[in-house]
Every structure is written in structure tokens, then in C-alpha cells.
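Student: what would the 3D arrangement of this be:
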Amino acid sequence: MATLEPELGRPLVDRGDVGIFEFHDLMVAMYRGRITVDVLKAVSASQRRLHEVHGKIAGLTLLLSTESFSRPDPSVRQYGETVSNEFDGMAYASAIVLTESGLHGALVRSILTGIQLTSRRPVPQKVFAGIREGVEWIVSRNAESVLTPRLAEVQRRIETLAAKPARKPVR
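Tutor: Numbering: from 1, shown residues only. Prediction:
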């Protein structure tokens, strides 16, 4: 069994539109703005990096702004499909968390669940309204997860990162 890095949530990418953080074999992608091809390139590079180090990985996606769950343009959807196919060969689980409450949040979660069901991807995937539930579900997909004994700590760290203002891009 591998050991957990001393720092939970080491940043792989942390900029205004996206933050990608490493929790051992769990990649947490926090979309803070509109998803673009450039954002997806950062996701792809990060998932390849974690896969090289850990073998099978999992992904937790947090949609933190209404822009991040708006319908992307065709070039972004096409590139996103490529990144998803790449992820399918590396992953043991994938969760999406959309914490927005009310009717709009429930509607978007329902749409995302429908998309996941119709896509028939080989990786188990699920949509959640809370970070805790998403992290617990992912960890439950890997009986040997080094995150299991630190589940509450991982959850708190992800919540802290999600609440933190994004770093401004360096110019």
C-alpha cells in the first residue's frame, strides 16, 4: 500500500479558471469559470501525471460557478470527449459535485446524471450535491485507498480549497 503525501491537496494547477489538486491518486478539479480547451489541456496533463505516479486514479470534479456548468461550444465538447476517453483508461471512479442548492442545482445535477447514464462510460461515475458524499463514494470504489483513514481530513481540505479565492493568473 502506498503512503499518503504529507500535504493533502498539493496544487498541480491553481489559476483563476481552474484549480487541480492532488490527494494521492485522487485528482480534484475545481472549475471556477467557463470550461475552455486550455482548461481541459491542464486537466489532461494533470491526470496523465497522476496516472504515471499512481497507476489507477480517480477524479472529483467541483463545478464552482454557473459558468462552469453552462453548455460549452462544440470545440470544447469535442476536446472534452478526448480528455474523458483518456481518463477512462486511467481511472477507477469519477464524481461530479455541484453544491448549488434549489431548483436550479437539482435540475443541473439531474441533467448531468442523465448525460452520465446515456454516455455508458466504463468508469463508475456519479453526481453529488455535497463534497463529503462525493469523496466517500470515490474512496468506497477503492478498497485499498490510502485516503480511507483520512477521509474527514480530505473532505475538510477540499472544502477549504473550494472556498478559497482563486489565484490570479501570472502575467
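Student: Glu133 versus Arg109, what's the distance?
Tutor: 12 Å (C-beta to C-beta, to the nearest Å). (Glycine included, C-beta is placed from N, CA and C.)
Student: ditto for Asp17
Tutor: Per C-beta to C-beta, Asp17 is found 25 Å from Glu133.
Student: neighbour-wise, which of the two wins?
Tutor: Taking other C-beta atoms under 10 Å, Asp17 and Glu133 do not tie; Asp17 has more neighbours (20 against 15).
Student: low-confidence ranges in this protein?
Tutor: 1-7, 68-69, 165-171 (pLDDT under 70).
Student: in three-state terms, label the residue nearest the centre of it for me.
Tutor: Centroid check for the chain by C-alpha atoms, centre = their mean gives Thr61 as the closest residue, at 2.4 Å. Assigned with DSSP: H, G, I helix; E, B strand; the rest coil, Thr61 falls in the strand class.
Student: that's a helix at Ala106, yeah?
Tutor: Yes. According to three-state DSSP, Ala106 belongs to a helix.
Student: neighbours around it, how many?
Tutor: For Ala106, the neighbour count with other C-beta under 10 Å is 13.
Student: what's the answer for the one 3 residues further on, then?
Tutor: In terms of burial, Arg109 registers 20 neighbours under the definition other C-beta under 10 Å.
Student: the residue lying closest to it once chain neighbours are set aside in helix, strand or coil?
Tutor: Counting by C-beta to C-beta, 6 or more residues apart in numbering, Arg109 lies nearest to Val127, which is 5.0 Å off, once chain neighbours are set aside. The three-state label given to Val127 by three-state DSSP is strand.
Student: what segments of the chain are helices?
Tutor: 37-54, 74-88, 102-119, 131-140, 151-163 (DSSP state H).
Student: count of residues packed around the residue nearest to Leu60 when sequence neighbours are not counted?
Tutor: Using C-beta to C-beta, 6+ apart and skipping residues adjacent in sequence, the residue nearest Leu60 is Val28, 4.7 Å away. Each residue near Val28 was counted by other C-beta under 10 Å, and the total is 28.
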